[in-house]
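J.: when you get a sec, could you give me coordinates for this:
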Amino acid sequence: MYDVIVVGGGHAGIEAALAAARMGAKTVLITGKLDRVGAMSCNPSIGGPAKGIVVREIDALGGQMARSADKGQIQMKMLNLSKGPAVWALRAQIDKLEYPKIMLDVLKQTENLDLLEALVDEMIVEDNTVKGVRLENKDLVLAHTVIITTGTYLSSKILIGHDTTQSGPDNQPTTFGISGQLAKLGFELVRLKTGTPPRILKSSIHYELTTPQYADDKFQTFSYDPEITTMGHQEPCYLTHTNLLTHGIINLNLGASAMYGGIVEGVGPRYCPSIEDKVVRFSDKDRHQIFLEPESLSLDEIYVQGLSSSMPKDIQAKIVHSIKGLEDAVIVRYAYAIEYDAINPTQLYQSLETRIIENLFCAGQINGTSGYEEAAGQGLMAGINAVLKLRGEKPFILKRNEAYIGVLIDDLITKGTKEPYRLLTSRAEHRLLLRHDNADLRLRDYGHQLGLLDDARYQKFLKKKHEIEQLKHELKDVFIMPTEENNLKIRRTGSTKISDRTSLFDLLKRPEIRYNMINEFYPNDYSEQVLEQVEIQVKYAGYIDKANKEAEKMIRVDEKPIPNNIDYDQIRNLAIEARDKFKKIRPTTLGQASRISGVNPSDVSILLVYLESLR
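T.: The predicted structure is shown next:
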């Protein structure tokens with residue numbers, strides 16, 4: 001008898017299992033092949049816009065993805081540095097062979113965690129409560145809670161042209177029992193589609209016809225407590241583009257693709273479309289970016305980012321060879337589309353426990369998301385909440401102004417999704433507060449309270465927090481005189497000279513003045529992380545204060561509770577669509593009700609009046 005069973009060893013399953021075990025629950029992770037835990041069946045990268053911030057949030061809460069990504073990276077780059085800190089995001093190219101080894105080693109060394117190499121056939125459910133799972137060999141594994149993190153392996157089907165194969169990613173076996181059982185239990189299933197591009201030999205590329213994309217020079221990591229001290233070898237990526245010849249080949253052969261040939265049933269991701277979809281939807285574009293990304297230092301393979309396709313193999317070859325630099329490229333693995341089952345995530349509570357079956361949690365792509373990072377964030381939250389449920393404690397729910405993870409889960413359970421959901425910075429109305437640089441300041445206290453962050457790491461965080469406030473106070477007492485020497489330093493930054501005695505705190509408010517100027521005028525021993533955080537807090541103080549006030553105002557309305565037993569049929573003047581949505585989703589707060597698709601502000605006002613009348 002276990003406390004927690006985690007089904008699936010992908011990015012969601014890893015975080016769920018580690019969180020549960022680290023919180024002291026007796027946990028078992030069941031997966032088809034242990035050497036494929038954390039496998040990167042699609043792009044071997046972690047991070048990027050919004051996603052990179054999620055990785056930082058996972059680390060701040062005591063999760064694992066950031067630390068393993070740091071150890072497995074072969075290129076690290078900060079994106080959007082020309083813009084404000086609200087959209088900065090770290091992105092790492094990962095060695096796809098090393099990353100699963102790193103994760104498996106972590107899993108094996110974790111106390112309270114057993115690893116079982118097996119396939120799950122179905123769940124054991126009694127009186128609408130999950131009791132465990134039945135394996136394909138008919139063995140039973142019993143537990144108080146079960147977390148399903150099956151990724152794209154539920155009734156999955158590989159599509160290349162008009163050829164279809166019942167298979168999971170990388171020719172791994174799919175499973176039919178779980179999704180069939182979910183349907184019988186009353187879950188609404190959705191059919192989704194994603195895809196992957198071809199892989200080509202590194203040695204067959206004409207690199208002189210492409211534009212190199214190098215890593216950043218500085219040492220930077222996802223984790224606030226990195227296990228590495230140097231970046232190691234940094235492998236370049238390369239940029240090229242499709243062209244009118246490429247687009248002509250695609251347009252002539254659209255009927256041969258699985259997507260446009262009527263073979264695909266599932267809905268694909270809007271923000272990561274296939275090359276066929278991009279050419280059709282953006283017909284006014286003469287070209288699209290193609291990034292050539294290394295998959296491993298031990299493989300002679302390149303991932304052709306931007307060329308996801310479901311075309312037949314012979315057409316794929318013509319498309320690849322039409323692209324500058326790839327005229328003689330040797331394809332070692334062809335692109336394919338994959339269809340799979342997922343549940344409508346509106347059938348979940350914010351804890352990620354299902355509304356239909358008690359003690360059953362779902363995380364990752366089974367909830368309709370795309371991406372390793374979104375999966376890992378959900379897995380962490382599901383693992384935490386499974387243990388809290390066992391303890392009889394309140395679920396751990398992150399608000400939309402606290403974390404991108406909170407935005408992700410709230411979007412899923414409130415709005416649902418008809419396509420693979422991808423996190424974007426534009427989805428977060430409080431994105432100035434949810435920055436790459438401050439994930440620890442937002443979430444580390446939670447991580448320590450939950451028992452996921454050890455005392456040593458927490459004390460290091462408290463020291464950093466103290467130093468930030470201390471330095472801000474010191475800078476108010478450091479004054480710069482308008483001497484010729486001082487003004488020469490200031491003008492070098494592009495800023496105008498000072499004419500009066502000015503505090504370093506006020507000087508730092510100027511857009512051109514960066515944190516390295518602090519050391520110019522005030523030599524100190526503070527870390528770069530402290531200096532950067534002080535700069536951001538000083539420079540954007542007005543904007544941050546305004547954002548905090550707006551968030552607090554929204555929270556007061558957002559957190560107004562809605563009773564579980566409310567009878568929406570008794571509320572007069574509600575629109576029929578709003579009434580149906582409220583009855584189906586059963587929002588727990590007024591804010592959640594307001595974000596449901598199809599619900600109008602007038603419906604929310606009517607609901608608010610009704611709630612006031614109940615008081």
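
J.: mind checking the SS state of E265?
T.: Secondary structure assignment for E265 (DSSP: H, G, I helix; E, B strand; the rest coil): coil.

J.: contact partners for it?
T.: For E265, the contact set (Cβ atoms under 8 Å, 6 or more residues apart in numbering) comprises 191, 193, 339. To be clear about C-beta, it is placed using only N, CA and C from the backbone, and glycine gets the same treatment.

J.: okay, and which of the residues you listed map to helices?
T.: Using DSSP state H, the subset of those located in helices is empty.

J.: of all those residues, which comes closest to D603?
T.: R191 (30.0 Å; Cβ to Cβ).

J.: number of residues surrounding the closest one?
T.: 16 (other Cβ atoms under 10 Å).

J.: please apply the same query to A69.
T.: A69: 31 surrounding residues under other Cβ under 10 Å.

J.: if I pick it, what's in contact with it?
T.: Per Cβ under 8 Å, 6+ apart, neighbours of A69: 46-47, 55, 92, 94, 99, 222-223.

J.: just say helix, strand or coil for it.
T.: helix.

J.: leaving out sequence neighbours, find the closest residue to it.
T.: Excluding its sequence neighbours, the residue lying closest to A69 (Cβ to Cβ, 6 or more residues apart in numbering) is I46, at 4.5 Å.

J.: so what pLDDT did the one you found get?
T.: For I46, the pLDDT comes out at 98.

J.: equivalent analysis for N564, please.
T.: Value for N564, per-residue pLDDT: 85.

J.: contacting residues for it?
T.: By Cβ under 8 Å, 6+ apart, the neighbours of N564 are 586, 588.

J.: could you do V130 as well?
T.: V130 neighbours (Cβ under 8 Å, 6+ apart): 123-124, 145-146, 357-360.

J.: what's in contact with the host helix or strand of T164?
T.: Using DSSP states H and E, T164 maps to strand 163-166. Contact partners of strand 163-166, identified using Cβ under 8 Å, 6+ apart, comprise 156-158, 174, 258, 263, 312.

J.: mind checking the end-to-end distance for stretch 500-520?
T.: Distance between the two ends of stretch 500-520: 18 Å, counting by Cα to Cα, to the nearest Å.

J.: oops, could you answer that again for stretch 384-401 instead?
T.: Stretch 384-401 has its terminal residues 20 Å apart, counting by Cα to Cα.

J.: centre of the chain versus that stretch, how much separation?
T.: 19 Å (Cα atoms, centre = their mean, to the nearest Å).

J.: what do you get for stretch 337-346?
T.: Mean-position distance between stretch 337-346 and its chain equals 17 Å (Cα atoms, centre = their mean).

J.: mean confidence score for that stretch?
T.: pLDDT averaged over stretch 337-346 gives 94.

J.: need the CA coordinates for that stretch. CSV is fine.
T.: Only the C-alpha atoms of stretch 337-346 are listed here, as CSV (Å, rounded to 0.1, in the frame of the first residue of the first chain):
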residue,chain,number,x,y,z
ALA,A,337,2.3,14.2,-36.3
ILE,A,338,1.0,12.4,-33.3
GLU,A,339,-2.6,12.3,-32.0
TYR,A,340,-3.6,11.4,-28.5
ASP,A,341,-6.4,11.5,-25.9
ALA,A,342,-6.6,14.1,-23.2
ILE,A,343,-9.3,15.2,-20.7
ASN,A,344,-11.1,18.4,-20.7
PRO,A,345,-9.3,20.2,-17.8
THR,A,346,-12.5,21.9,-16.6
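
J.: for L443, list the residues it contacts.
T.: 57, 60-61, 398, 402-403.

J.: sorry, back to before: filter the contacts of V130 to the buried ones?
T.: The neighbour count (16 or more other Cβ atoms under 10 Å) marks 123, 145-146, 357, 359-360 as buried among the contacts of V130.

J.: out of the contacts of V130, which are inside strands?
T.: 123-124, 145-146, 360 (DSSP state E).

J.: could the contacts of A69 be laid out in CSV, adding distance to L475?
T.: Shown next, in CSV, are the contacts of A69 (distance: Cβ to Cβ, whole Å):
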residue, distance to L475
I46, 35
G47, 32
V55, 31
A92, 33
I94, 39
Y99, 41
F222, 29
S223, 28
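
J.: export these as TSV, with columns for neighbour count, secondary structure and distance to G84.
T.: Formatted as TSV, these follow (neighbours: other Cβ atoms under 10 Å; DSSP: H, G, I helix; E, B strand; the rest coil; distance: Cβ to Cβ, whole Å):
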residue	neighbour count	secondary structure	distance to G84
I46	29	strand	23
G47	29	strand	18
V55	30	helix	20
A92	26	strand	22
I94	27	strand	27
Y99	25	helix	31
F222	26	coil	20
S223	22	coil	24
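
J.: so which other helices or strands are in contact with the host helix or strand of Y238?
T.: Using DSSP H and E, Y238 falls within strand 237-241. Applying 3 or more Cβ pairs under 8 Å, 6 or more residues apart in numbering; DSSP states H and E, one finds that strand 237-241 contacts strand 211-213, strand 289-294.

J.: and that strand, C-alpha only, in PDB?
T.: Taking C-alpha atoms only, strand 237-241 is exported to PDB below (Å, rounded to 0.1, in the frame of the first residue of the first chain):
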ATOM      1  CA  CYS A 237      22.700  26.800 -33.100                       C
ATOM      2  CA  TYR A 238      22.200  28.100 -36.600                       C
ATOM      3  CA  LEU A 239      19.500  30.100 -38.300                       C
ATOM      4  CA  THR A 240      18.200  29.700 -41.800                       C
ATOM      5  CA  HIS A 241      14.800  30.300 -43.500                       C
END
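
J.: what about that strand, distance to the chain center?
T.: 24 Å.

J.: just the buried residues of that strand, please?
T.: Quick answer for strand 237-241 (16+ other Cβ under 10 Å): 237-238, 240-241.

J.: hmm, back to that, what's the closest of the contacts of A69 to R199?
T.: Nearest to R199 among these, with distances taken as Cβ to Cβ, is I94, at 14.9 Å.

J.: what's the end-to-end length of stretch 254-273?
T.: Stretch 254-273 has an end-to-end distance of 15 Å (criterion: Cα to Cα).

J.: what comes up buried for it?
T.: Going by neighbour count (16+ other Cβ under 10 Å), the buried part of stretch 254-273 is 256-261, 263-264, 266-269, 272-273.

J.: same question, stretch 466-478
T.: Buried, per 16+ other Cβ under 10 Å, within stretch 466-478: 467-468, 471-472, 474-475.

J.: and stretch 197-204, by the same measure?
T.: 197-200, 202.

J.: for stretch 156-174, same thing?
T.: Of all the residues in stretch 156-174, those buried under the rule 16+ other Cβ under 10 Å are 156-161, 167-169, 172, 174.

J.: pLDDT and distance to S322 added to those, as JSON lines?
T.: Output for the buried residues of stretch 156-174, formatted as JSON lines (pLDDT from 0 to 100; distance: Cβ to Cβ, whole Å):
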{"residue": "S156", "pLDDT": "92", "distance to S322": "30"}
{"residue": "K157", "pLDDT": "92", "distance to S322": "28"}
{"residue": "I158", "pLDDT": "93", "distance to S322": "25"}
{"residue": "L159", "pLDDT": "91", "distance to S322": "22"}
{"residue": "I160", "pLDDT": "93", "distance to S322": "19"}
{"residue": "G161", "pLDDT": "91", "distance to S322": "18"}
{"residue": "S167", "pLDDT": "88", "distance to S322": "29"}
{"residue": "G168", "pLDDT": "86", "distance to S322": "31"}
{"residue": "P169", "pLDDT": "88", "distance to S322": "27"}
{"residue": "Q172", "pLDDT": "86", "distance to S322": "31"}
{"residue": "T174", "pLDDT": "85", "distance to S322": "33"}
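
J.: could you single out the nearest of those residues to S426?
T.: Distances from S426 to the buried residues of stretch 156-174, taken by Cβ to Cβ, are shortest for P169, at 28.7 Å.

J.: what number of residues lie near the closest residue in space to the closest one that isn't next to it in sequence?
T.: Closest residue to P169 apart from its sequence neighbours, by Cβ to Cβ, 6+ apart: S41 at 3.6 Å. When counting by other Cβ under 10 Å, one arrives at 18 neighbours for S41.
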